[in-house]
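Colleague: Model the structure of this input:
(chains A and B)
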Amino acid sequence: MSRGTWIFPPEPSLRLIVDTIEYCLKHAPRFNPISVAGAHFHDAGATVVQDLAYTLADGITYVQCCIDRGLKVDEFAPLISFFFYTHNDFFEEVAKYRAGRRLWARLMKERFGARDPRAQMFRFGVVCGGSTLTAQQPQNNIVRVAYQALASVLGGVQSMFTAAWDEPFAIPTEQSAELALRTQQVLAYETGVASVADPLGGSYYVEALTDRVEREARAIIDRIEKLGGMVPCIQSGLIQKEIAAEAYRYQKRVESGEQIVIGVNRFARPEPERRLELYQADTAAADRQRESLARVRATRDSQRVTTALAALREAARGNENLMPPISEAVKAYASVGEICGVLRREFGTFKEPVGL
Amino acid sequence: MGSNAIRVMVAKPGLDGHDRGAKVIAYALRDAGMEVVYTGLRHSPEEIVNAAVQEDVDAVGLSILSGAHLPLTEKVMAGLAAAGQDKEIAVFVGGTIPERDVAALKKMGVAGVFPTGTPLNEIVPAIKDAVAARRGAGA
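Modeller: Predicted coordinates:
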């Protein structure tokens, strides 16, 4: 949701998620099979509180589905991690991560009965940048990303991705991507901020804000649960609508000047003719990929592909774990399109309600 | 009001899954008194052309952040021309559109291009003006 990359309706998607977690538990126990993503909610317009609440509500759904499958919470929960966008409001973002740790630990312990401390951990990665980047005075984005990265570290992030300043226009160039990487390396290796855990703990302001974010997120989670959980709320388009309405509210605040954006509605100047060195997509890449796909199709064992895809179809109709038949189809050189095609025919595709 | 209101379709062609901008634009156009249809994600240019003709819209806004704005827009324009609707329906393109491509889009017959960072108070009047001009020409 929000990122717009779904294929199947929520229920079969949940089955695939639980299949992945179950498979990894048995066959790849050190692999993190799922990153519960709030990133796309936030970047699509959700407030910090909505962002955290929707993400944890998703997390609750995944955990419940794993338990319903018969998996043990202390075994699978340590494999779960989270993924967020850090936007501009510095202390709110710090509070989001601090509140997230409290809420998740409590949920896992009190609601799902996790005993192992690792099963109560709220590990997360972030992206800095996204929709906070501006096309106007684009090099200001370097500064925005640096502050977002700092907020993420002070909030206790485990891993981060820093966006490049030219991403409002195109995929970054090598140079802009390198600068984005150096931004986090300066933070990690020169400033010393990464050598202490939760340095803002005890600050009256951050503690009060953390309490507020926790309380308000808890209220949204409760409301979602009363409506039957995240699945019906996504199917009805409720969450999508709340996020879009918030994006519009934000845009109106920017246009009225109430929400300051440097270079956009404050300290703006006539934009000079831009002579940016932007990334140019290699238009031959699509042809090369098509040729490579044709080559694979011509040389693979087509009988093995047909058998593997038929086995996948059978498995999808039943309720066995789909990872082994998918894995066999991949080994037979079935394409991702062919594999998803089989599942699409069995599961159908999700039609998102688009009411505004 | 009613039948005189400008009808606009906001559309997402191709595989691009980002629709924050498309929805914000849709809300803004609706607040400006227009009747707005939003297609949702991942529609082919053919589907968009058919829907635009069927919905009898005055304008189509294509939201494209994937980098594939040139070929996708070209197909929509050709489809509208084939349906004999290219004079009736004004097409606008918004999203991650580099400046170097604006001229090429205009040459295809696009009525307006709104790259990243274009404020709503530029987009709304541009659509109103283009539709008024077309209705004037048709009358």
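Colleague: for residue 66, what are its contacts?
Modeller: Defaulting to chain A. Neighbouring residues of residue A:66 by Cβ atoms under 8 Å, 6 or more residues apart in numbering or on different chains: A:18, A:21-22, A:73, A:76. The C-beta positions use only the backbone N, C-alpha and C, and glycine is treated the same way.
Colleague: sorry, should have said chain B
Modeller: Contact partners of residue B:66, counting by Cβ under 8 Å, 6+ apart, are B:14-16, B:96.
Colleague: and the gap between it and chain A?
Modeller: Distance of residue B:66 to chain A, computed by Cβ to the nearest Cβ, to the nearest Å: 10 Å.
Colleague: sorry, back to before: in TSV, list the contacts of residue A:66 along with secondary structure, neighbour count and distance to chain B.
Modeller: Converted to TSV, the contacts of residue A:66 look like this (DSSP: H, G, I helix; E, B strand; the rest coil; neighbours: other Cβ atoms under 10 Å in any protein chain shown; distance: Cβ to the nearest Cβ, whole Å):
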residue	secondary structure	neighbour count	distance to chain B
A:18	helix	23	24
A:21	helix	24	24
A:22	helix	18	27
A:73	helix	20	32
A:76	helix	24	28
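Colleague: and residue B:18, how many residues sit next to it?
Modeller: 21 (other Cβ atoms under 10 Å in any protein chain shown).
Colleague: out of everything not next to it in sequence, what's closest to it?
Modeller: Sequence neighbours aside, residue B:65 is the residue nearest to residue B:18 in space, at 4.6 Å (criterion: Cβ to Cβ, 6 or more residues apart in numbering or on different chains).
Colleague: Now do that neighbour against residue A:310, distance only.
Modeller: Distance from residue B:65 to residue A:310, counting by Cβ to Cβ, to the nearest Å: 38 Å.
Colleague: Quick check on the contacts of residue B:66: which are buried?
Modeller: Neighbour-count burial (16 or more other Cβ atoms under 10 Å in any protein chain shown) applied to the contacts of residue B:66 gives B:14, B:16, B:96.
Colleague: Inside helices: which ones of those residues?
Modeller: Using DSSP state H, the subset of the buried ones among the contacts of residue B:66 located in helices is empty.
Colleague: Next up, the contacts around the residue nearest to residue B:18.
Modeller: So residue B:65 contacts B:16, B:18, B:21, B:95-96 (Cβ under 8 Å, 6+ apart).
Colleague: Quick check: residue B:94 is in a strand.
Modeller: Yes - judged by DSSP: H, G, I helix; E, B strand; the rest coil, residue B:94 forms part of a strand.
Colleague: next one: phi and psi at residue 103?
Modeller: By default, I'm working from chain A. In terms of degrees, to the nearest 10, the main-chain angles of residue A:103 are phi -60, psi -40.
Colleague: I was after chain B.
Modeller: phi -60, psi -40.
Colleague: before we move on, what about residue B:39?
Modeller: phi -80, psi -20.
Colleague: Can you tell me, leaving aside adjacent residues, what's nearest to it?
Modeller: Closest to residue B:39 by Cβ to Cβ, 6+ apart is residue B:11, at 4.4 Å.
Colleague: for residue A:53, same thing?
Modeller: In space, and not counting its chain neighbours, residue A:53 is closest to residue A:220: 3.6 Å by Cβ to Cβ, 6+ apart.
Colleague: so what's the residue in chain B that chain A sits nearest to up against?
Modeller: The nearest approach of chain B to chain A comes at residue B:17, 2.3 Å away (Cβ to the nearest Cβ). Neighbouring residues of residue B:17 by Cβ under 8 Å, 6+ apart: A:3-5, B:41-42.
Colleague: Could you export the host helix or strand of residue A:290 as CSV, CA atoms only?
Modeller: Using DSSP states H and E, the element containing residue A:290 is helix A:284-299. These are the backbone C-alpha positions of helix A:284-299, laid out as CSV (Å, rounded to 0.1, in the frame of the first residue of the first chain):
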residue,chain,number,x,y,z
ALA,A,284,19.3,0.4,-24.5
ALA,A,285,18.9,-1.3,-21.1
ALA,A,286,15.4,-2.5,-21.8
ASP,A,287,16.5,-4.0,-25.1
ARG,A,288,19.4,-5.8,-23.4
GLN,A,289,17.0,-7.2,-20.8
ARG,A,290,14.6,-8.4,-23.4
GLU,A,291,17.4,-10.1,-25.3
SER,A,292,18.7,-11.7,-22.2
LEU,A,293,15.2,-13.0,-21.3
ALA,A,294,14.8,-14.4,-24.8
ARG,A,295,18.2,-16.1,-24.5
VAL,A,296,17.2,-17.7,-21.2
ARG,A,297,13.9,-18.8,-22.5
ALA,A,298,15.5,-20.4,-25.6
THR,A,299,18.1,-22.3,-23.6
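Colleague: what does it rub up against?
Modeller: For helix A:284-299, contacts defined as Cβ under 8 Å, 6+ apart pick out A:333, A:335.
Colleague: ok, now stretch A:169-188?
Modeller: The contact list for stretch A:169-188 (Cβ under 8 Å, 6+ apart) reads A:129, A:135, A:138, A:142, A:145-146, A:149-150, A:153, A:160, A:162-167, A:193-194, A:276-279, A:281, B:67, B:96, B:98, B:116.
Colleague: Restricted to strands, list these.
Modeller: Among the contacts of stretch A:169-188, the members falling in strands are A:160, A:162 (criterion: DSSP state E).
Colleague: Of the contacts of stretch A:169-188, keep whichever come out buried.
Modeller: A:129, A:135, A:138, A:142, A:145-146, A:149-150, A:153, A:160, A:162-167, A:276, A:278-279, B:67, B:96, B:98, B:116.
Colleague: Mind jotting down where the strands sit in the stretch 51-200 of chain A?
Modeller: Using DSSP state E, counting those that start in this stretch, the strands of the stretch 51-200 of chain A run over residues A:80-86, A:124-128, A:159-162.
Colleague: which strands and helices sit next to the shortest one?
Modeller: So the one you mean is strand A:159-162. strand A:124-128, helix A:140-155, helix A:174-189 (3 or more Cβ pairs under 8 Å, 6 or more residues apart in numbering or on different chains; DSSP states H and E).
Colleague: so which of the ones you listed is the most packed in?
Modeller: A comparison of the helices and strands packed on strand A:159-162 by mean neighbour count, using mean count of other Cβ atoms under 10 Å in any protein chain shown, puts strand A:124-128 on top with a mean of 25.
Colleague: Render the CA-only coordinates of that one in CSV, please.
Modeller: Output of strand A:124-128 as CSV, limited to C-alpha atoms (Å, rounded to 0.1, in the frame of the first residue of the first chain):
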residue,chain,number,x,y,z
PHE,A,124,14.5,-0.4,12.2
GLY,A,125,16.1,1.1,9.2
VAL,A,126,15.2,4.5,7.7
VAL,A,127,15.3,6.5,4.5
CYS,A,128,16.1,10.2,4.8
